[in-house]
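*Asks:* heads up, no residue letters with this:
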């Protein structure tokens, strides 16, 4: 028997229950196509509303606990986990707003009908919200795939040209990633004799030379599998292929909610290593080096190719790869403080990225698929649509870490603090170089926005109501967080 705290589980159960309600509504009232998005918004909102309950306790909120002398909880949300769940649910809410309300946008951009699209978004949200709270290996692996497989279906159902090939690429990568994770989980269990991410069993395995080698191999398999989910180099090639063929809200979901799930999985897996590292065990040194190298490669390659991209979604895809390096850089230090810095950086990145994707959805409405978008479409946006241009500028400056988007500046500082504190100057030098490259990437786009459109009259865009609400929330959020960036940092501690 295990004890259950339903309110602690609510951030996961609410979107899962939303899937059932959406499918039930579609079965009972197939013509009521406008019901699905409101049901999904209420379900995700209920999950967000339950988060403060778990955050009020001084100790991590726990559920699915086994009583007895070997008592252990299989669901636990520390502040970092709650911050990631907030990002997952808030990101899903904004994506749903970008998709609706109504069915006009969904019918134009997604096959299968609104019920299918909304149910897939909620299913992936359920998996992503579950990942950072799981503590046993089987559930951890299932939650990762639950966050991934519906997202593949969302790409496949896009009406854009090349959607099938993009979804196939994502599917093949996902299958390979799952194989790596499954092998890693098996080797971890073999080395530790434990089906959970326990510190004590890990310490015993590290102390035994034979088990130590098996455990290191398990960790490398797990890092490689999660590298695909994070879009880290050299596991990144699916990212531009999937982003450019999907609808902007779906690409935004892949860039934020899916990344939150991947980071949550990485933190759960690396937390026992962080505990060993804090106790002075040198066994985690090689793991730190591997993650650091992945971080540098992701930053550098992502920024260099983004500098040449002409399709805004391709640019954002390579930007996502570069930002994955920034998420990994502090995580490589293997300390609890470094993990919190990674989560704080991801929160800032997600806010800026969602704002940019929302503006892209407005600018490129009706032009979906490979080769149909261009940065030249943003020429004169500052004159014709100053509000949209301002939101886009705030998003790009946040990603580049430039004022007046103070949130982005603080996020870069927070990400570098653990690296500087650990004396990893080679990683600091690479990060500073990539700050310069990243500024060039985002300023190139911003200069096009403020550039006159020539003789053409700037077009005033008509926004769907849901997209307008999402843009208003994102714009207001970026302004508030630029004045009070500590709100983001405080969520992770």
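*Replies:* That came through, no problem. These figures come from a predicted structure and were not determined experimentally.

*Asks:* okay, and for the protein, where does confidence drop off?
*Replies:* Scanning the chain for pLDDT under 70 picks out 1-2, 56-59, 68-71, 102-103, 278-284, 366-371, 453-460.

*Asks:* That one: strands as residue ranges?
*Replies:* Here the chain has its strands, by DSSP state E, at 61-66, 72-77.

*Asks:* Please identify the most buried of these.
*Replies:* Ranked by mean neighbour count, the strands of the chain are led by strand 72-77 with a mean of 21 (mean count of other Cβ atoms under 10 Å). The way it works is simple: take the backbone N, C-alpha and C, and place the C-beta from them, glycine included.

*Asks:* Tell me how far that strand lies from the chain's centre.
*Replies:* Strand 72-77 sits 22 Å away from the centroid of its parent chain (Cα atoms, centre = their mean, to the nearest Å).

*Asks:* who touches it?
*Replies:* Contact partners of strand 72-77, identified using Cβ atoms under 8 Å, 6 or more residues apart in numbering, comprise 2, 8-9, 54, 60-66, 85, 132-136, 139, 196.

*Asks:* For the strands of the chain, give me CSV that also has distance to residue 299.
*Replies:* As requested, the strands of the chain are arranged in CSV below (distance: least, Cβ to Cβ, whole Å):
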stretch, distance to residue 299
strand 61-66, 34
strand 72-77, 30
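
*Asks:* Out of those, which gets nearest to residue 329?
*Replies:* When the strands of the chain are compared by Cβ to Cβ, strand 72-77 sits nearest residue 329, at 24.6 Å.

*Asks:* Now residue 228: closest residue in space that isn't a chain neighbour?
*Replies:* Nearest residue to residue 228, sequence neighbours excluded (Cβ to Cβ, 6 or more residues apart in numbering): residue 177, at 3.8 Å.

*Asks:* Tally up the residues packed near the one you found, please.
*Replies:* Residue 177 sits with 22 neighbouring residues when counted by other Cβ atoms under 10 Å.

*Asks:* For it, which residues are in contact?
*Replies:* So residue 177 contacts 148, 225, 226, 228, 229, 235 (Cβ under 8 Å, 6+ apart).

*Asks:* before we move on, back to that, out of the strands of the chain, which gets nearest to residue 214?
*Replies:* Nearest to residue 214, of all these, is strand 72-77, at 22.9 Å by Cβ to Cβ.

*Asks:* Next up, the contacts around residue 229.
*Replies:* Residue 229 is in contact with 144, 148, 177, 258, 259, 261, 262, 265, counting by Cβ under 8 Å, 6+ apart.

*Asks:* The first one is in contact with residue 124, isn't it?
*Replies:* No - proximity of residue 144 to residue 124 does not meet the contact threshold set by Cβ atoms under 8 Å, at 11.0 Å.

*Asks:* For residue 91, which of the strands of the chain is the nearest?
*Replies:* Residue 91 sits nearest to strand 72-77 of all the strands of the chain, at 17.3 Å, using Cβ to Cβ.

*Asks:* so residue 25 makes contact with residue 33?
*Replies:* No - look at residue 25 against residue 33 with Cβ under 8 Å: they stay out of range, at 9.7 Å.

*Asks:* what's the overlap in contacts for the two?
*Replies:* Common contacts of residue 25 and residue 33 (Cβ under 8 Å, 6+ apart): residue 115.

*Asks:* State the distance from residue 198 to residue 331.
*Replies:* 20 Å (Cβ to Cβ, to the nearest Å).

*Asks:* Of these two, give the one with the bigger neighbour count.
*Replies:* When residue 198 is set against residue 331 and neighbours are counted by other Cβ under 10 Å, the residue ahead is residue 331, at 28 against 17.

*Asks:* one step back: in the contacts of residue 229, which residue is surrounded by the most others?
*Replies:* So for the contacts of residue 229 (other Cβ under 10 Å), the most neighbours sit at residue 261, 30 neighbours.

*Asks:* I'd assumed residue 128 was in contact with that one.
*Replies:* Yes - using Cβ under 8 Å, residue 261 makes contact with residue 128 at a distance of 3.7 Å.

*Asks:* For the two, list the residues in contact with both.
*Replies:* Taking Cβ under 8 Å, 6+ apart as the contact rule, residue 261 and residue 128 both touch 88, 143, 147.

*Asks:* Could you double-check that the second one sits in contact with residue 134?
*Replies:* Yes - at 5.5 Å, residue 143 counts as touching residue 134 under the criterion of Cβ under 8 Å.

*Asks:* and residue 238, what does it touch?
*Replies:* 169, 170, 172, 173, 228, 231.

*Asks:* With adjacent residues omitted, what lies nearest to the first one?
*Replies:* The shortest distance from residue 169 to any non-neighbouring residue, by Cβ to Cβ, 6+ apart, is to residue 241 (4.5 Å).

*Asks:* Next: the fourth one.
*Replies:* Spatially, and ignoring its direct neighbours in sequence, residue 173 is nearest to residue 238 (4.2 Å; Cβ to Cβ, 6+ apart).

*Asks:* And the third one, by the same measure?
*Replies:* Closest residue to residue 172 apart from its sequence neighbours, by Cβ to Cβ, 6+ apart: residue 238 at 8.0 Å.

*Asks:* separation between the one you found and residue 322?
*Replies:* Distance of residue 238 to residue 322, computed by Cβ to Cβ: 16 Å.

*Asks:* before we move on, back to that, the residue nearest to residue 169 and residue 146, how far apart?
*Replies:* Taking Cβ to Cβ as the measure, residue 241 falls 22 Å from residue 146.

*Asks:* who touches residue 346 in this structure?
*Replies:* Counting by Cβ under 8 Å, 6+ apart, residue 346 makes contact with 84, 87, 259, 260, 263, 327.

*Asks:* again, but for residue 404
*Replies:* Taking Cβ under 8 Å, 6+ apart, one finds 394, 397, 482 in contact with residue 404.

*Asks:* same thing but 10 Å
*Replies:* Under the criterion of Cβ atoms under 10 Å, 6 or more residues apart in numbering, the contact list for residue 404 reads 393, 394, 397, 398, 478, 479, 482, 483.

*Asks:* The closest residue to the third one other than its chain neighbours: neighbouring residues, count only.
*Replies:* Residue nearest to residue 397 in three dimensions, not counting chain neighbours: residue 405, with 3.6 Å by Cβ to Cβ, 6+ apart. Using other Cβ under 10 Å, the number of residues around residue 405 comes to 28.

*Asks:* Residue 405 touches residue 390, doesn't it?
*Replies:* No - counting by Cβ atoms under 10 Å, residue 405 sits too far from residue 390 to count as a contact (11.1 Å).

*Asks:* can you list residues touching both of these two?
*Replies:* 478, 479.

*Asks:* and the nearest residue to residue 92 once chain neighbours are set aside, what is it in contact with?
*Replies:* Spatial nearest neighbour of residue 92, excluding adjacent residues (Cβ to Cβ, 6+ apart): residue 125 at 4.2 Å. Contacts for residue 125 (Cβ under 10 Å, 6+ apart) come out as 11-12, 14-16, 18-19, 40, 43-44, 47, 85, 88-89, 91-93, 95-96, 146-147, 150-151, 253, 257, 261.
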